[in-house]
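J.: have a look at this prediction, sequence included:
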Amino acid sequence: MIISILLLIISFFLNILGLMEMFPLLVSSPLLFISIFVTLYLVNHRKTFKGF
């Protein structure tokens with residue numbers, strides 16, 4: 001969980017650098033999407049019912 005939040009912060013920073021054309025935007029945008037997806041998946045998956 002903490003690793004995914006850290007990945008989210010790093011990928012957001014890389015995306016800001018990509019918008020300033022200091023880092024490739026084609027790399028930073030999918031990385032930001034994947035990190036948001038993984039973070040939301042881990043937050044929502046913890047509360048699922050696994051059965052009896």
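T.: On my side now, so go ahead.

J.: three-state assignment of residue 4?
T.: helix (DSSP: H, G, I helix; E, B strand; the rest coil).

J.: my guess is it meets residue 40, correct?
T.: No - judged on CB atoms under 8 Å, residue 4 makes no contact with residue 40 at a distance of 9.1 Å. Heads up, the C-betas are built off the backbone N, CA and C, glycines and all.

J.: who has more neighbours, those two?
T.: The residue with more neighbours, out of residue 4 and residue 40, is residue 4; 17 against 12, by other CB atoms under 10 Å.

J.: tell me the pLDDT at the closest residue to that one other than its chain neighbours?
T.: In space, and not counting its chain neighbours, residue 4 is closest to residue 39: 4.4 Å by CB to CB, 6 or more residues apart in numbering. Here, the pLDDT recorded for residue 39 equals 94.

J.: how close does residue 48 sit to residue 11?
T.: Going from residue 48 to residue 11 by CB to CB, to the nearest Å gives 25 Å.
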